[in-house]
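Student: Just to be clear, the model below is a prediction. Sequence and coordinates:
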Amino acid sequence: MYDVLVIGGGHAGIEAAAAAARMKQKTLLVTHKLDMIGSMPCNPSVGGPAKGIVVREIDAFGGLMPQAADQTALQFKMLNTKKGPGVRCLRVQSDRDAYKAWMLNALKKQESLELLEQKAARILLDGKKIIGVECEDGTQILARTVILTAGTGMRSTILRGHTATEAGPDGLPTNSSLSASLKKAGLDLIRLKTGTPPRIVYDSVDLSQAVIQPPTEGFLAFSETTTPDMVRPYDKQLPCYLIYTTPKTHEIIRSHLEDSAMYSGLVTGTGPRYCPSIEDKLVRFADRPRHQLFLEPEREAYDTFYIQGFSTSMPTNVQEEMVRSLPGMENVEILKYAYAIEYDAIDPLQMKPSLENKKIENLFTAGQVNGTSGYEEAAGQGLMAGINASLKNMGREPLVLGREQAYIGVMIDDLCTKGTKEPYRLLTSRAEYRLLLRHDNAPDRLCEIAWKTGTLSDERYEAFRKEKELEEQIIEDLKNARIKPDEKSAAILAQIGSEPLEHGTDALTLLKRPEMTIEHLEPLTGISAPEKIAQRIEIETRYAGYIEKAKRDVERLSRLEKVRIPADIDYSAIDNIALEARSKLSLIRPETLGQASRISGINPSDIAVLGALLKQKTSA
């Protein structure tokens, strides 16, 4: 008997198992192959727009992905540096082999966690409550809570051209029996599709025809625990390369569209809108003369490239023509052909904001099995599933992060409130409070919560608290530092292209100028700050007006989140609510008035009626 049983060793399963174990739960992770834990069947990269901030949020809870990404990174790149702080994000290109090895080693060392190489065949139920799983060899494993993180492995099919093969990603076997047992238990499953591009041999590419994409200078990291000696130095980081499709590439693809699994009628699942195959790009964006592709290294040996942006389900012979039509690839050697993969996922409208299933008690789900795409989205859900399964075992209230607290909160709210018909991908545009959800302030937002929950160590929390004290002291010193409109200040301001002062002011006010930094002001104030603290103070000061407005919006809307909706409410009996609203409220069964207000098709008038009814019941 275990406290928490995790099925699946992908990115969701890793964080779920590690979080539960950090919370002192007796945890077991069951997976097909231990040496495939942390596998990256698609692009071996971590981070990017919105996703990179999720990785920072995972770090605030003491998660593993940020540390693994830092310590196995081949290249660090900060994206959107010329845009506002709400969309800046870190992305690393990882060594896929080193990443897997790092994760397996970390899990083996984790106290309260056991690993088992087995195939979970079906879930075990006691009425409408899960009590464990039965493995393929007949072994039964019992647990108080079960977290399903089966990824793209349930009833999965590899598709190339007119050929369909029952198999999972990266050569893993598919799991049809587990999928069947979920369906038998009454869960609604959906069919989704994703895919990967070809992998090519580095030495067979003429890189003189590509544009080099260097890393970003300076020390960058996802984890607060990472130090410069833990990461690859700038001059040893590996570059990526930019190329474009050619007219010949487009001609080959268009002439073979009917050979693509996607257009031959073989594909039945819905693919990701925001990461389409190359043939889908040509059909949807027919007016574009070319599409950009990135050649990205997969391991330290620098022997293979991943062709980012060239996902396809064409037959292998057509893939060869397509790849060799690209610049510098006339004599390329293909190491691994591209494929599309279809798989079963669980309709996310069936889960609570805690990630517990509404139909089967004590069953939590996380990752691509919930209809998402991406390693980061999976890891964020796994973290929360591990936390909430543990909290349920402890008899404590679940942890539900708000949309103003974390991108993880945005994602989970979207999934259980709106559902999805395609692989869901996090985007900065999905977050209405993205100026509050920045790369730099993830510890401020979440470390206190994580420590109280039990997933962040006392040591990490103490380091965070001391850094906050230092930051507050620096802010206070800047407020008290007066700068006079004299020759010295005029000369220093002129050096950075800033207007001279007309009146005396404090340093914090002067920091509101967009060109100004704490370092610029140091000759006038004598105040210095560590780089990451300085960056945070500068952003908070410069964007103070926008940040305060966002916080007021959050406060206004938070009133709806505080209004709880009884689980047994009969929506069909409520007069003056539209028929569509009754139907959707009955299906989704929101837990708060705020969640109800975000359901597609629910009008403000419906919320007003429901709010009045709940107020009346509370008063009674």
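Tutor: Received it, and whenever you're ready, just let me know what you need.
Student: how is this protein carved up into domains?
Tutor: 199-341, 475-547, 562-619 (automatic domain parsing).
Student: so for the first one, what's the average pLDDT?
Tutor: When you say that, I think you mean domain 199-341. The predicted model assigns domain 199-341 a mean pLDDT of 93.
Student: Can you tell me how far the nearest residue to Asp170 once chain neighbours are set aside is from Val400?
Tutor: With CB to CB, 6 or more residues apart in numbering as the criterion, Asp170 has its nearest non-adjacent residue at 4.2 Å, and that residue is Pro41. C-betas here are computed from N, CA, C, even on glycine. As judged by CB to CB, to the nearest Å, Pro41 and Val400 stand 30 Å apart.
Student: circling back to that earlier point, right, so of the domains of the chain, which gets closest to Ala73?
Tutor: Proximity to Ala73, assessed across those by CB to CB, is greatest for domain 199-341 (6.1 Å).
Student: check contacts around the closest residue to Ile360 other than its chain neighbours.
Tutor: Leaving aside its sequence neighbours, Ile360 sits nearest to Ile130 (CB to CB, 6+ apart; 5.3 Å). By CB atoms under 8 Å, 6 or more residues apart in numbering, the contact set of Ile130 is Ile123, Leu124, Thr145, Val146, Ile360, Glu361, Asn362, Leu363.
Student: Would you mind pulling up the elements that the helix or strand where the third one lies packs against?
Tutor: For Thr145, the host element (DSSP states H and E) is strand 140-148. Using 3 or more CB pairs under 8 Å, 6 or more residues apart in numbering; DSSP states H and E as the contact definition, the elements that strand 140-148 packs against are strand 2-7, helix 11-22, strand 27-31, strand 120-126, strand 129-135, strand 363-365, helix 375-394.
Student: Direction included, what does it pair up with?
Tutor: Sheet pairing for strand 140-148, assigned by DSSP bridges, gives strand 2-7 (parallel), strand 129-135 (antiparallel), strand 363-365 (parallel).
Student: would you turn those strands into JSON lines with mean pLDDT and distance to Gly218?
Tutor: Below are the strands paired with strand 140-148 laid out as JSON lines (pLDDT from 0 to 100; distance: least, CB to CB, whole Å):
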{"stretch": "strand 2-7", "mean pLDDT": "98", "distance to Gly218": "37"}
{"stretch": "strand 129-135", "mean pLDDT": "98", "distance to Gly218": "47"}
{"stretch": "strand 363-365", "mean pLDDT": "98", "distance to Gly218": "39"}
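Student: which one of the ones you listed lies closest to Glu377?
Tutor: strand 363-365 (13.0 Å).
Student: what's Lys184 sitting at in phi/psi?
Tutor: phi -60, psi -30 (degrees, to the nearest 10).
Student: From Leu79, how far out is it?
Tutor: Relative to Leu79, and taking CB to CB, Lys184 is found at 45 Å.
Student: Name the SS class of the closest residue to Leu401 other than its chain neighbours, please.
Tutor: Nearest-residue entry for Leu401: Gly409, 3.4 Å, with adjacent residues in sequence omitted and distances by CB to CB, 6+ apart. Secondary structure, DSSP: H, G, I helix; E, B strand; the rest coil: Gly409 is helix.
Student: Provide a list of residues in contact with Gly409.
Tutor: So Gly409 contacts Val400, Leu401, Gly402, Arg403 (CB under 8 Å, 6+ apart).
Student: Can you get me a residue count around the second one?
Tutor: Close neighbours of Leu401, defined as other CB atoms under 10 Å, add up to 22.
Student: so what's it up against?
Tutor: Per CB under 8 Å, 6+ apart, neighbours of Leu401: Met384, Ile408, Gly409, Ile412, Leu446, Ile449.
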